[in-house]
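K.L.:
return a 3D structure for these sequence lines:
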Amino acid sequence: MVGPLEVLKDIVDRFETAKVDYFLVGSLAAMYYGRPRFTNDVDLVVHINPTQINEFEKLFHIDDYYCPPLEVLKDEVLRQGTFNLIHQTSEIKINIVLRKKTPFSTSEFSRRNLVKLAPDFEVYIATPEDVIIKKLDFYREGGSEKYLVDVREILAGTEVDKIYLNKWIMQLGLLREWEKI
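P.N.:
Purely as a prediction, here's the structure:
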């Protein structure tokens, strides 16, 4: 049976072949720094240049992945939005969040780390601080307690740069959410 880690490895191999910059975020990133929990999706922040859109669509052939039509990819890249890939065999959803042109996004992308997830698999991943900041932001948007649980688990298991964390919590207006931790 194919799981999220196998799908992630396949996607990373395809991204590296095409020189598409990315990093892992979401539940898998939170689990890396915190504790395991169930997830059946993969979340990636990806930087796709408009010149890479045609190549991107070719990376994910319909036999392996559902990939949105070229027009959708172009629109999402231009508006720095999101789209999903779906692994055909396992039906695992891959949430592709396109890199924004904001100070936080620039910082987040520049701080990504290359880590070993398995003996033969390295992946770029958001720092624990950046995962925490995004989880707080998702909590603000949707109110799901699971985001706060993820933050608590990361803090319990990982050293964080408190100066960096506090800077972005203040700049992004996340103090109320942070106080719930």
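
K.L.:
need the residues that contact the worst-scoring helix or strand of the chain on mean pLDDT.
P.N.:
Lowest by mean pLDDT, DSSP states H and E among the helices and strands of the chain is helix 53-59, with a mean of 85. Contacting residues not belonging to helix 53-59 are listed as Arg14, Phe15, Thr17, Ala18, Val20, Ile48, Cys67, Leu70, Leu73, Lys74, Val77 [C-beta atoms under 8 Å, 6 or more residues apart in numbering]. (Glycine included, C-beta is placed from N, CA and C.)

K.L.:
SS state for the first one?
P.N.:
Spelled out, that is Arg14. Secondary structure, DSSP: H, G, I helix; E, B strand; the rest coil: Arg14 is helix.

K.L.:
check which helix or strand Tyr22 maps to.
P.N.:
If you go by DSSP states H and E, Tyr22 is part of strand 21-25.

K.L.:
got the CA coordinates for that strand in PDB?
P.N.:
This file holds the C-alpha atoms of strand 21-25, laid out as PDB (Å, rounded to 0.1, in the frame of the first residue of the first chain):
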ATOM      1  CA  ASP A  21      11.900  24.600  -5.600                       C
ATOM      2  CA  TYR A  22       9.700  23.400  -2.800                       C
ATOM      3  CA  PHE A  23       9.500  22.600   0.900                       C
ATOM      4  CA  LEU A  24       7.300  20.400   3.100                       C
ATOM      5  CA  VAL A  25       4.700  22.000   5.400                       C
END
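
K.L.:
tell me which residues touch Arg112, please.
P.N.:
Arg112 neighbours (C-beta under 8 Å, 6+ apart): Phe23, Tyr124, Ile125, Ala126, Thr127.
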